[in-house]
Structure formats: C-alpha cells, structure tokens
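Visitor: sequence first, predicted coordinates after that:
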Amino acid sequence: MRQDSLIPISVIIPTYREAGSLPDLLDRLANLREGERDLEVIVVDDDSDDGTEELIASRGKDWERLIVRRGERGLSSAVLRGIESATKEMLVVMDADGSHPPESIPDMVQAVQDGADFSLGSRYVSGGSTEDGWGVLRWVNSKIATLMARPFTTVRDPMSGFFCLRASTVQRGESLDPIGYKIGLELIVKCRCERVAEVPIHFSTRREGESKLTLRVQWEYLLHVLNLCRFKYPRLASFIPFALVGLSGIGVYTGLLAVLDLLVGDAFSKSVRIVIAIALSMTWNFFWDRRLAFWDATGGIVRQYLGFVAVCTVPVLVNFFVTLYFSDRLVLPTAGLIGSVIGSAFGLVFNWCGNRWLVFRRS
Ligand code: GDD
Ligand code: MN
C-alpha cells in the first residue's frame, strides 16, 4: 500500500454502559495505528457511570479521547457530537460492543478514497454475515426496518451503524436530525450520498453488556422515516396526509350531521345544520392539515386559517348544495356523505395546490 494513501482517521464510538466491551475494541483499534496510520478514537459516552471514564484515563493514550455528555442521551446525537469534535479528514463511526470488526476499517476508508461518498460495513452483501443467535423477532424487526428505508436508498444494509465518510461530506448535510438510532441512514440521505459502497462484515453478537434497542427506539425510527420522506419527497409527503385528512373530514362532517340531527334537528333548519357541520369539519381539517400536510409553513395561524377557509370556498359550496339537494330524498347524514365526497373530490387537488401555494408558504 502506498504511504500517501494512509489518510488520517477519526473513529467515533458512541457508548452507553460499554465499559466491559471497550478495552478489547480499543486494543484492536490500536493495531490499526501500526503502519503509521494517523488515527484518533473519540468515545462519546452519555454519563454511563460504569467505569468508562476511569478506563480511558487509565489507558493514558493521547489518541484516545473521551467526551462525556451529561444530561443528554441518544445514539445519533452522540455520534454527531463526536463528528463535531473530530479533527481528521476521514470519519468512521462504529458500535462499542464488538459487533463491528475494526479490521474492516481500512477497506471502508479505501472505498471512500476510491470515490464513494459513503461506505458501510454490510451484513447483506456477499461475504457479509450475521452471527447466529438473533431471535426471530429481532430478525423480522430488522428486515421491516430495512424495507422501510427502501424509498431513500437502495443500499442492502442501510441500518448499519458502522460507516465511513469524509468530514467535508457531513458539511453538505442539510438540517441533520439526530432522532433515533439510524444516523448512518440520515447522513446518506441528507448529505445526498450518491455512491455508497458496502464492505462485507461479519456482525458479531455482543459478549458484554446489553442492547439499548428499546420500543422507544423503534417508535423514533418511524418518526425518522417520516422526516426523511418529508425531506426527500416533500410534495408527496404533504399531499398524502392532506388526502387522508380530507377523508377523515368526510367522516367528521357526516358524523356531525348525525349528531346535530339528534340534538337540534327540530330547532335549526337543514341549511343551518349543514353550515355548522361544514364550519366545524373545516376547522378539524385545518388543524390536522397544518400539522401533518403543511408542517413546514411559516406565517401566523389566524392568517393561515382565513386563507384556508377562502381556498375551501369552491368545494364547500359544492358540498353545501349537493347535501341540500339530496336532503330532500335522504336522511341528512347520508346526503352529507354524498355532498362531502363530491365536494372533497372536487377540492382534493384544487385545495392542496391553493393551500400549498397561497396559504401555507414555505420559508
Ligand atoms: N452515547 C450513547 N448514547 N451511545 C449509545 C446510546 C446512547 O443513548 N444508545 C446506544 N449507544 C451505543 C451503544 O453503547 C453501542 O456502542 C451502540 O450505540 C449501539 O447500541 P446497541 O444497543 O448495541 O445497538 P444494537 O446492537 O441494537 O444495534 C446495532 O445494530 C444495528 C443494525 O441492526 C447498532 O450497530 C446499530 O448502529 C445498527 O444500526
Ligand atoms: Mn449492539
């Protein structure tokens, strides 16, 4: 190997209660320094209080640095913290528990030097493997999570927490969001990594400590996928919730007509009841659309509400008259169902465009 190809590396290791696993990993990383490789290790520990601090101190190696975060927790944010304080050009992120073989780091670094934007240690390319002992549940879990990442990358193992990229690549990441576990996926998508190389690894089962993959982490993954959708497919991620909220609005409108029928059927005329139901269901739609479909809009809520109502005029009028027309032959809720379905179909495209371009404008 050519001497000048030994690019300096920062290895970032997020840890939470990994004092038992660290010594072995740090020793194996130290081996990579032979051959004059400039390599620093940054352990980002979330106040584990399990001897991690004492361990790093007692080793007394100037290339092993420890950052202890107090009052903050999270794998992804710990990784970003490590990346911030890294001083070398090439960044490698890996688990502390021995699942990821440090011996693969040179190949991963080489892949990036050869032109990849991002390289990762992969279980799912030929030559890669997973140690036995993964329960069916964890395996299914991992498969589903991998499938959910498909819209964002065709990488075989996008769930990998063992990856490598240049510091300059991280720089081009827009609005990095350290939610959940999958910071590698986040970086691939947000840093617009086109060329991702997969280096086969054998994924070992941890010998010490325990996994931190909780139900909460899985819930956070769903939110993460939603955020990635919004980033990569902003129109679709707005239009689909908009359509679903519209659908829910039909239910709300029809239900309200039924309730009003029961409560004030004698006191108010049909037209008044229709108007009340329209006003309330429109407000329902407004609040949910604002949260789910136009999450990125700027501007005050009052202005948005008035704009929303204005854009709704046409479908609302369609709904009103169709409901009124059918209310002579059918019970009011059924007439309302027909009216709101027709009105909503009418308004689906028209309203979304009107709201997106006129009311909920992006910054
Ligand atoms: N600082 C910090 N804070 N580190 C954390 C935290 C945290 O809140 N939670 C977990 N870690 C560290 C662990 O100490 C370990 O070094 C690493 O992050 C991975 O945690 P594990 O709990 O061992 O994760 P896992 O085995 O379930 O998941 C692994 O497999 C996935 C692929 O299926 C990890 O490698 C993931 O990164 C990987 O995506
Ligand atoms: Mn693990």
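Guide: Looks like it arrived, so ask away. Residues are numbered from 1 along each chain as shown. Ligands and ions are numbered 1, 2, ... in the order given.
Visitor: not counting its neighbours along the chain, what's nearest the closest residue to ligand 1 within the chain?
Guide: Using Cβ to the nearest ligand atom, the closest approach of the chain to ligand 1 is made by Gly161 at 1.8 Å. Where you see a C-beta, it was placed from the backbone N, CA and C, and this is true even at glycine. Spatial nearest neighbour of Gly161, excluding adjacent residues (Cβ to Cβ, 6 or more residues apart in numbering): Asp95 at 5.5 Å.
Visitor: surely the residue of the chain closest to ligand 1 touches Met94?
Guide: Yes. In this structure, Gly161 is within contact of Met94 by Cβ atoms under 8 Å, at 7.1 Å.
Visitor: tell me what the longest helix seen in the chain is packed against?
Guide: Identified as the longest helix of the chain according to DSSP state H is helix 234-264. If contacts are counted by 3 or more Cβ pairs under 8 Å, 6 or more residues apart in numbering; DSSP states H and E, helix 234-264 sits against helix 215-232, helix 270-288, helix 332-354.
Visitor: closest to ligand 2 out of those helices?
Guide: helix 215-232 (11.7 Å; Cβ to the ion).
Visitor: helices or strands up against that closest one?
Guide: Short answer (3+ Cβ pairs under 8 Å, 6+ apart): helix 215-232 packs on helix 136-148, helix 183-190, helix 234-264.
Visitor: what comes into contact with it?
Guide: 141, 145, 148-149, 151-152, 174-175, 177, 179-182, 185-186, 189-190, 236-238, 295-296 (Cβ atoms under 8 Å, 6 or more residues apart in numbering).
Visitor: residues contacting the closest residue to Phe350 other than its chain neighbours?
Guide: Closest residue in space to Phe350, ignoring its immediate chain neighbours: Val314 at 6.5 Å, by Cβ to Cβ, 6+ apart. Taking Cβ under 8 Å, 6+ apart as the criterion, Val314 is in contact with Phe346, Gly347, Phe350.
Visitor: Val314: which element?
Guide: For Val314, the host element (DSSP states H and E) is helix 301-326.
Visitor: check Leu165 too.
Guide: Element membership of Leu165, judged by DSSP H and E, is strand 163-166.
Visitor: what helices or strands is that strand leaning on?
Guide: Partner elements for strand 163-166 (3+ Cβ pairs under 8 Å, 6+ apart): strand 90-93, helix 105-113, strand 118-122, helix 183-190.
Visitor: which one of those lies nearest to Ala57?
Guide: strand 90-93 (23.1 Å; Cβ to Cβ).
Visitor: run through who's touching the helix or strand Val11 falls within.
Guide: Here Val11 sits within strand 9-15, counting by DSSP H and E. With Cβ under 8 Å, 6+ apart as the test, strand 9-15 has contacts from 22, 25, 29, 32, 37-46, 48, 52, 75, 78-79, 82-83, 86-88, 90-96, 102, 105, 109, 167.
Visitor: just the buried ones from those?
Guide: 22, 25, 29, 32, 39-46, 52, 75, 78-79, 82-83, 86, 88, 90-96, 102, 105, 109 (16 or more other Cβ atoms under 10 Å).
Visitor: okay then, goodbye and thanks.
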